[in-house]
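In: Generate a structure from the sequence data that follows.
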Amino acid sequence: MTKLEIKSPLPGTFYRKSAPDAPPFKADGDSVSPGDVIGLIEVMKTFHELPAGVEGKNITFIADDQEPIMAGQVIAEVEG
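Out: Here you go, the predicted structure:
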């Protein structure tokens, strides 16, 4: 089984949910498709959707909710 990395295209703050009281876009262990949104990246009060970009199962988040991240940082891994 191959591990596929989902990396941040932008520096900013990573959010796993669309609002504080909303469920996460994806939970650890979920399957993902390339177009599935797995989180948001906030850059200067602007929110950008982060699509998975890969097909796989058993997503594992490396970055925590509301964690500051850098461009190119691994956000999550999935089994391909």
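In: Show the residue spans covered by the strands in the chain.
Out: Ranges of strands in the chain, per DSSP state E, are 3-7, 12-15, 37-43, 46-51, 57-61, 67-69, 74-79.
In: could you give the mean pLDDT of stretch 42-54?
Out: What stretch 42-54 shows for mean pLDDT is 97.
In: For that stretch, report the contacting residues that lie outside it.
Out: Contacts with stretch 42-54, where a contact means C-beta atoms under 8 Å, 6 or more residues apart in numbering, come from 4, 6, 8-15, 26, 32-41, 59, 75-76, 78, 80. Where C-beta positions appear, they are placed from N, C-alpha and C, glycine not excepted.
In: If any of those residues are buried, give me the PyMOL selection for them.
Out: The PyMOL command for the buried members of the contacts of stretch 42-54 (criterion: 16 or more other C-beta atoms under 10 Å) is given here:
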select buried, resi 4+6+8+10+12+14+15+26+32+36+38+39+40+41+59+75+76+78
